[in-house]
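Q: this one's structure only:
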């Protein structure tokens, strides 16, 4: 969980504890992934449980980490 979680925390540019689509996109680009717009669209559909347009809260972050590990082949262990 370490490196990718740190990357997500650094991507939170306004330090509000929530990840917007743009912030998540910058994190994915920094990790070297391609086709980030499509990846984010799918991730938001699966991980934004309350449909407010951002990834916030421990439950949604945990869901995003699991999603990243399963779909983007990012090792989160």
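A: That came through fine. Bear in mind the structure is a predicted one, so any value in this text is a computation, not a measurement. Numbering: from 1, shown residues only.
Q: So which residue is smack in the middle of the protein?
A: residue 24 (5.0 Å; Cα atoms, centre = their mean).
Q: So it is in contact with residue 47, correct?
A: No: Residue 24 is beyond contact range of residue 47, at 9.4 Å (criterion: Cβ atoms under 8 Å). The way it works is simple: take the backbone N, C-alpha and C, and place the C-beta from them, glycine included.
Q: Quickly list what's touching both of those two.
A: Common contacts of residue 24 and residue 47, defined by Cβ atoms under 8 Å, 6 or more residues apart in numbering, comprise residue 55.
Q: where does this protein dip in pLDDT?
A: In the predicted model, the chain carries pLDDT under 70 at residues 1, 76-77.
Q: What's the end-to-end length of stretch 25-40?
A: Stretch 25-40 has an end-to-end distance of 7 Å (Cα to Cα, to the nearest Å).
Q: likewise stretch 11-27?
A: 5 Å.
Q: contact partners of it?
A: Contacts for stretch 11-27 (Cβ under 8 Å, 6+ apart): 7-8, 10, 30, 36-37, 40, 43-44, 53-56, 64.
Q: of the residues you listed, closest to residue 74?
A: Distance to residue 74 across those (Cβ to Cβ) is lowest for residue 7, with 9.3 Å.
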